[in-house]
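Trainee: starting from these lines, generate the structure:
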Amino acid sequence: MQSTDLGNKESGKLWHRKPSPAARDGIIVNIIHSTSDYLPKVLRFLNVAFDSSGDCLIAGDHQGNIYVFDLYGNRFNLVQRTAQACTALAFNLRRKSEFLVALADYSIKCFDTVTKELVSWMRGHESSVFSISVHASGRYAITTSSDTAQLWDLDTFQRKRKLNILQSVGIQKVFFLPLSNTILSCFKDNSIFAWECDTLSCRYQLPAPPESSSILYKVFAVTRDGRILAAGGKSNHLHLWCLEAKQLFRIIQMPTKVRAIRHLEFLPDSFDAGSNQVLGVLSQDGIMRFVNIQTCKLLFEIGSLDEGISSSVISPHGRYIASIMENGSLNIYSVQALTQEINKPPPPLVKVIEDLPKSKLNSGGLKIKVTTGRVQRPAKSRENKIQTRILKQDLAGSFENKENELSDGLNKKRLQVLLKGYGEYPMKYRMFIWRSLLQLPENHTAFSSLEDKGVHVAFLNLQKKYPIKSGKLLRVLQRTLSALAHWSAIFSDTPYLPLLAFPFVKLFQNNQLICFEVVATLIINWCQHWFEYFPNPPINILSMIENVLAFHDKDLLQHFIDHDITSQLYAWPLLETVFSEVLTREEWLKLFDNVFSNHPSFLLMTVVAYNICSRAPLLNCSLKDDFEYFFHHRNNLDISVVIREVYHLMDTTPTDIHPNSMLHVFVALTKGQYPVFNQYPKFIVDYQTQERERIRIDELDYLRERQMVEDMQAEVDQQRVEDEAWYQKQELLRKAEETRRELLLQEEEKMIQQRQRLASVKRELKVKEMHLQDATRRRFLKLQQDQREMELRRLDDEIERKVHMRDREIATTAKDLEMRHLELESQKRHYEKNLIRNQEAVAKEMREDANAFRRKVDLEEHMFHKLIETDQTQNQKTQEWEEAKEKDFHLKSEKKASALADASRKWFLEKEINDALEHAEHLYSKAVPSYPNGQVASSGAPRTSQLDDISEMDSSTCISLNQRRIQWDTMERDLVERVRNLRQRLTVQARNRRQPPHLLATQRA
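Mentor: Model prediction:
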C-alpha cells in the first residue's frame, strides 16, 4: 500500500510507482494531509465526491482546503481554500469543471477547478447543509439541512423552491432519483414521498414498514436505474423497497456484529444495466460490508476495527471506492482487486461423478464427489480397484462439443440456439457473453506495457481528422489506436483503423483493456487476409464477396457492372466501418451478437446479404454519387431480415466459393502476451516506414535549413533595419541641427522684436499711468461733487417729506373740520327739532353756554397773545441754535399755528351759534308779548291760530339758518386758505435758515 502526504504542496503526484492493490485490502493509495508546523498535526478529510467520469474526485478537510485528485492522470491539485469546514460536496454539474461546496456558515458556494475562482454564492439555509444532490442533467441541485430542503437552478444559481416542514418532524434526506425526473424526500417519521421535479406535485407515498421490523430510517441508497430503494437505521435490518410497485419486497438481516447502519451505497456494474445487485453497508464498527441483495451473501468488506471507515463514496463506473477513515486520512480502493476472487469464471457444466470402492459399496456406503473445472478422469486409489462410472451421455456430449465449450463455462451451441430463438442476446448479459465468446485473456501486464509507450506519433493529430465532441471518447480512441500501433506496425499506417475501432471504443470506453482485446480479436479473426494487399483494399476478400453475390444475385451484380460500380464501393465501405455507418446502435449490437457467435466468414456474408436485401433501391440507382451515399448512410432496412438472409447464404453457398474454405476458424488471443501480428506485406510496411522516416528526416532537414535561412534572413533584415535606422538617425540629426540653427535665428529675431515691443509697451504704460492718474483725480472730484449733490438731494428729499407730512396733517385737519361741521349740523337739527318744545330750557342753557364760551375765548385769546410774544422772544434766541433745534422749533411753530387756527375756528363757530341763539331768543321774546295775559286769553282763542304762528316762525328761522350756514362755509374756506399761506411762509423761512453759506454767497453773487 502506497501512502501520500499532501503537506503544504498545492500539486503533485498521487503515487510514484504504479499501484498494485492487493486482493485482501484493495487499497490503491492512502492520502494524508499533515501540516509542517512546529507541532505537526493531521488535517482530517470530511467529505469526498466523484465526478461523472469516475476518474476524478474532490475532497475537503476541516480547515476548508479542497483538493482535486485525478486518478487517471496521477495528479492532485489544491483548487480552493475556503477557511472554514465543508459539510457537503458535489462534483457532477453540467459544467464539468465546477463543483458545489456547503460550508459551516450555512452557505453554498460554486467554484471552478480550472480558474480556481468563485462562480456563485448561494444563501438561504439557517442550519448546516449535510447533503447536496444534483440532477442527472446537471441543471438542478437540492441542498438539505435538518429543517429545510431547497431546490436551486444551477444555470442562474437562483433558488427555485423551498421545502418547509414542521420542526417536530425533521428531514433525513432529499435527493434526485438517478436518470429520472423524480425527487425523493425522506423524513424522520419514516414517511417517504416522491415528487415531480418540474411541477413539484406529489407522485406517490410509500406505505409504512411492518411493525415487526419497524426501524427509524437514517440512511438511504438507490440503484442506478431508480427501481430499488435501500433504507437502514439503528438496527441490523435492511429494508428494500420496490419503487415501481411501491412496496417493501425484502428485509435483509445483517450479522449480529452490526448494530447500526451509518451509510449505504450501491456498487455500479458495467454489465447490469443499472439494476445494481451489490450493496455496500457501513456499520457502526467502521467496516463496510458488500452484500448481494439477491442471494444475501457477503461478498467482501473494507476497513477494520483498527482502521475504521467514517464515510465512503463509490465512483459512477464502479471502479474505485473513496473512503474517509476515522483517523482523517483518505483511502482509495480498487473494486477490481476486491472482486478478483468473486469474478472468477463459473465452473463448467460438465460434472464427473465417481463411484465408491467395492468394499464400501458392499458395506452399503455411497460416496459422491462433485468437482468443478475441466472434464477429468477419476483419480486412482491405492488399491487400484475403484470403479468409476461416468455418465455417458454427458461425457459423449462433452467430447463432441469440446470445441464449442467456452472458458467461462458457457456452451457456444446453446448460445447459438438461444440467439436464433430470440434474435439477440439479453442486454443485461451481452457484454459477458461477448467476453466469453471472444475468450478475452485480459492481459493486464501486456496491455499496460503497450499503454505505457504513450500516444503513437501517427495519432497525435487524430482530432483534426476525426473531430469528436467528447474529450474522453477521443482520448480512449487515441490510446486504443496507439496500443494497436505499438502492437503491430501495420496499424500506424492503416487509414480505416479509427473507423473500424470507433464503435467498440464507444461501447467499451470505460474499460480500455476489454476494448483493445475485442478490436485485436476482431482483426485477427474477422479481418483475415485484409492486409495482404496493403495499402490497397483486400482484393481477395472483395473477390470472395463478389463471387458469392454473383452466385445468389446475378442481376444485381450485372447492374453494378453496368454502372461501373466495383466491390470497393458496395462492399468495402461496409467492411471498413463494420456497418457502424449504416446501422443504429441497437441494430449494430444485434448484428454483432450473430457475428461473434459464428464463423469469421459470417461478416463477409453479411455484406452480401445487405446488398441483396437492398436490391430494390440499388437497382433504382444509376449515379455513382447515389451509390456512395447509399453505402455511407443509414437506410430503411430491417436488420432481422438481413441476418436471416445471412444464415440462408451460409447454408446455400457452394463450398468452392464459400468463404469458410478460405478463412480459418476462430483463434483467441493468447494468455499472458499478445500474439505477433505479421499477416501483411512486411516489405511494403517497412518500405513505407523507411520512406516515412526518410521523409520525416528530410522534413526535419528542410525545416532546419528553412529555420537557418529564416534566421539568416532575419539577421540580414535586422542588419538592414539597423542600417536604415542609423542612416535615418544621422539624417534626423542633420535636419535637427539645421532646424536648431533656424530656431536660434528665429529666436534672436524674436528677442529683438520683443525688446522693441517691450519699449513700446513701457511707453504705453507710462501714458496709461498718466491717463489713469488724471482719470483718478477727475473721478475723485466727480465723487466729491456727487457726494455733495447727494447730500443736497437728501436734504431736498427730507424737506419734501416734511412738506408732504404737513400736507397730510392739513388734509387730516380739514377732514376733522368737515366731521365737526357735520356734527354741528346734526346738533343744529337736533336743536331745531327740540327748539319749540324746550325753548325756555334751551334759552337758559344757551345763555349759560354763551357766558362760559366768552370766558373761554377771553382766556384763549390771552394765552394766544402770550404764546405769540413768547414765540417772538424764542425766535430771536434760537437763530444761533443748531439745525436740529431749528427743526424742533419749526415743528412746534406749525403745531401752535394749527392750535391757534383751531381755537380761532372754535371761537368763531361758538360766536355764530350764540348769535343764532340770541336771534332765536329775540324772536321768541317778540312773539310772547303779542299775547298778554295768555293764560286768560288762551281759553278764548283757538289753538289753531297759535300753531300757525309757530309754523311761520319756524319757517323764517330756517331761512335765516340757511343763510348763516353759507356764510360759515365761506369763512371756513378763507380761514383754511390763510393757514396754508402761513405754513408756506414758515417753510420758506426755514429753508433760508438751513441753506449753506457758500450757496448763499453764490446766490448773492
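Trainee: going forward, measure contacts and count neighbours with C-alpha atoms only.
Mentor: OK.
Trainee: what number of residues lie near Asn77?
Mentor: Residues lying near Asn77 (other C-alpha atoms under 10 Å) number 18.
Trainee: confirm it sits in a strand?
Mentor: Yes: read with DSSP: H, G, I helix; E, B strand; the rest coil, Asn77 is one of the residues of a strand.
Trainee: name the nearest residue to it, ignoring sequence neighbours.
Mentor: Here the nearest residue to Asn77 in space, its sequence neighbours aside, is Ser11; by C-alpha to C-alpha, 6 or more residues apart in numbering that works out to 4.3 Å.
Trainee: and that neighbour, what pLDDT?
Mentor: pLDDT recorded at Ser11 is 87.
Trainee: again, but for Leu46
Mentor: Note on Leu46: pLDDT of 91.
Trainee: got the phi/psi numbers for it?
Mentor: In terms of degrees, to the nearest 10, the main-chain angles of Leu46 are phi -110, psi -40.
Trainee: could you confirm Gln150 falls within a helix?
Mentor: No: with three-state DSSP as the criterion, Gln150 is assigned strand and is not in a helix.
Trainee: isn't it up against Arg159?
Mentor: Yes: with contact defined as C-alpha atoms under 8 Å, Gln150 counts as touching Arg159 (7.0 Å).
Trainee: quick one, strands of the stretch 151-300 of the chain?
Mentor: For the stretch 151-300 of the chain, the strands identified by DSSP state E, counting those that start in this stretch occupy 158-164, 171-176, 182-187, 192-196, 202-205, 217-222, 228-233, 237-242, 247-253, 261-267, 278-283, 288-292, 297-302, in order along the chain.
Trainee: what's the second one packed up against?
Mentor: On a contact count with 3 or more C-alpha pairs under 8 Å, 6 or more residues apart in numbering; DSSP states H and E, strand 171-176 meets strand 129-134, strand 140-145, strand 182-187, strand 217-222.
Trainee: which one of the strands of the stretch 151-300 of the chain lies nearest to Met863?
Mentor: In this view, the strands of the stretch 151-300 of the chain are compared for proximity to Met863 by C-alpha to C-alpha, and strand 158-164 is the closest at 109.3 Å.
Trainee: list the buried residues for the closest one?
Mentor: Taking 16 or more other C-alpha atoms under 10 Å as the basis for neighbour counts, the residues of strand 158-164 that come out buried are Arg159.
Trainee: stretch 90-105 now?
Mentor: The neighbour-count check on stretch 90-105 (16+ other C-alpha under 10 Å) flags 90-94, 98-105 as buried.
Trainee: straight-line length of that stretch, end to end?
Mentor: Taking C-alpha to C-alpha, to the nearest Å as the measure, stretch 90-105 stretches 17 Å from start to finish.
Trainee: got the contact list for it?
Mentor: Contacts with stretch 90-105, where a contact means C-alpha atoms under 8 Å, 6 or more residues apart in numbering, come from 49-52, 57-58, 84-89, 108-114, 128-130, 132-134, 137-139.
Trainee: buried only: go through these for me.
Mentor: Judged by neighbour count, with buriedness set by 16+ other C-alpha under 10 Å, the buried members of the contacts of stretch 90-105 are 49-52, 57-58, 85-89, 108-113, 128-130, 132-134, 138-139.
Trainee: filter these down to the ones in helices?
Mentor: Under the assignment DSSP state H, the buried ones among the contacts of stretch 90-105 contribute nothing to helices.
Trainee: ok, back up a step: now the helices and strands packed on strand 171-176 in TSV, with mean pLDDT?
Mentor: Converted to TSV, the helices and strands packed on strand 171-176 look like this (pLDDT from 0 to 100):
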stretch	mean pLDDT
strand 129-134	91
strand 140-145	90
strand 182-187	90
strand 217-222	91
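Trainee: any chance of these in a markdown table, plus distance to Met605?
Mentor: Supplementary listing: the helices and strands packed on strand 171-176 in a markdown table, determined by distance: least, C-alpha to C-alpha, whole Å:
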| stretch | distance to Met605 |
| --- | --- |
| strand 129-134 | 48 |
| strand 140-145 | 50 |
| strand 182-187 | 47 |
| strand 217-222 | 45 |
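Trainee: out of these, nearest to Pro537?
Mentor: When the helices and strands packed on strand 171-176 are ranked by proximity to Pro537, the top entry is strand 129-134, at 50.1 Å, counting by C-alpha to C-alpha.
Trainee: any stretches of the stretch 751-900 of the chain with poor pLDDT?
Mentor: Along the stretch 751-900 of the chain, segments meeting pLDDT under 70 span 839, 841-843, 871, 873-890, 894, 897-898.
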